[in-house]
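Trainee: sequence? don't have it. structure:
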Ligand SMILES: [Zn+2]
Ligand SMILES: [Zn+2]
């Protein structure tokens, strides 16, 4: 394909249900691929790409719903390398998680895995990237990417914060989490409700908003997600509620 496409492989937060796997999205571009978080939806990655080009995997934080899909790394053959982008400190956390007795260490997989922490800088990436801390119960980062002139921001697991707006500034697509139901907030456990996500998109002057990471305990049906979209649309018109398999062309 010539353009840039977002494919939502997993759209649940917290745990898998009949309505979806946990959070993972593919950004499909000519020459390389980007994977946003490695929840259970990553099992579908091989349905969409052939691994002949480098894959850049961004991990926002290390809550299990965002990383347990790393366990299926052995299922894929990243022949041109797997590059994992994390916030600072990610390397030592992955040394624990991606290791025995939990799973097969990266070093034992039949392809090269390189971990790039934010502090290492992103000069070697084939796309522009900015990573900023978000507001969550553990250190969490969001990312802004310029891929062939298309700007995509990914803001998972965060409360409303200035950095989320900054990452989404003028973006063609803001992919935002939507854990809470319309109007719901809990300051001790920061997440977005549909209105919060829409407010970020609106204040940032983003062109479109995709809601994902629907908390599995709060969003049990497709209608629940469509209700979230309706609530967001009251603040930001161009909003999509994602399901596993949703495709957005940019
Ligand atoms: Zn999460
Ligand atoms: Zn989280």
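Mentor: That came through fine. Note that this is a predicted model, so its numbers are computed, not measured. Ligands and ions are numbered 1, 2, ... in the order given.
Trainee: which SS class is the residue located most distally from the centre of the chain?
Mentor: Taking CA atoms, centre = their mean, the residue of the chain most remote from its mean C-alpha position is residue 101, at 26.7 Å. Following DSSP: H, G, I helix; E, B strand; the rest coil, the label given to residue 101 is coil.
Trainee: swap in residue 159?
Mentor: Criterion first, three-state DSSP; result for residue 159: coil.
Trainee: look up the closest residue to residue 139, ignoring the ones flanking it.
Mentor: residue 87 (5.9 Å; CB to CB, 6 or more residues apart in numbering). Every residue, glycine included, has its C-beta placed from N, CA and C.
Trainee: in contact with the one you found: list those residues for me.
Mentor: By CB atoms under 8 Å, 6 or more residues apart in numbering, the contact set of residue 87 is 60, 61, 117, 118, 131, 133, 139, 140, 141.
Trainee: quick one: terminal-to-terminal distance for stretch 71-81?
Mentor: End-to-end distance for stretch 71-81, by CA to CA, to the nearest Å: 17 Å.
Trainee: so which bits of it are buried?
Mentor: Across stretch 71-81, burial judged by 16 or more other CB atoms under 10 Å covers 71, 73, 76, 78, 80.
Trainee: now do the same for the first one: helix, strand or coil?
Mentor: Just to be clear, that refers to residue 71. Once three-state DSSP is applied, residue 71 turns out helix.
Trainee: would you mind listing what in this structure touches ligand 2?
Mentor: Within the chain, the positions lying close to ligand 2 (CB under 5 Å from the ion) are 63, 157.
Trainee: what residues does the chain put near ligand 1?
Mentor: So far as CB under 5 Å from the ion goes, the chain lies against ligand 1 at 13, 63, 65, 157.
Trainee: now with 8 Å?
Mentor: Residues of the chain lying close to ligand 1 (CB under 8 Å from the ion) are 13-14, 22-23, 39, 61, 63, 65-66, 156-157, 177, 179, 213.
Trainee: now the buried members of those residues.
Mentor: Taking 16+ other CB under 10 Å as the criterion, what is buried in those is 13-14, 22-23, 39, 61, 63, 65-66, 156-157, 177, 179, 213.
Trainee: quick one: residues contacting the residue nearest to residue 125 when sequence neighbours are not counted.
Mentor: The shortest distance from residue 125 to any non-neighbouring residue, by CB to CB, 6+ apart, is to residue 56 (6.6 Å). Neighbour list for residue 56: 32, 33, 34, 35, 83, 85, 125, 127 [criterion: CB under 8 Å, 6+ apart].
Trainee: which ones among those lie within helices?
Mentor: In this view, those have no member that belongs to helices under DSSP state H.
Trainee: neighbour count, distance to residue 241 and pLDDT for these - can I get that in a markdown table?
Mentor: Listed next are those as a markdown table, based on neighbours: other CB atoms under 10 Å; distance: CB to CB, whole Å; pLDDT from 0 to 100:
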| residue | neighbour count | distance to residue 241 | pLDDT |
| --- | --- | --- | --- |
| 32 | 19 | 28 | 97 |
| 33 | 23 | 24 | 98 |
| 34 | 27 | 22 | 98 |
| 35 | 24 | 21 | 98 |
| 83 | 21 | 30 | 98 |
| 85 | 26 | 27 | 98 |
| 125 | 17 | 30 | 97 |
| 127 | 18 | 26 | 98 |
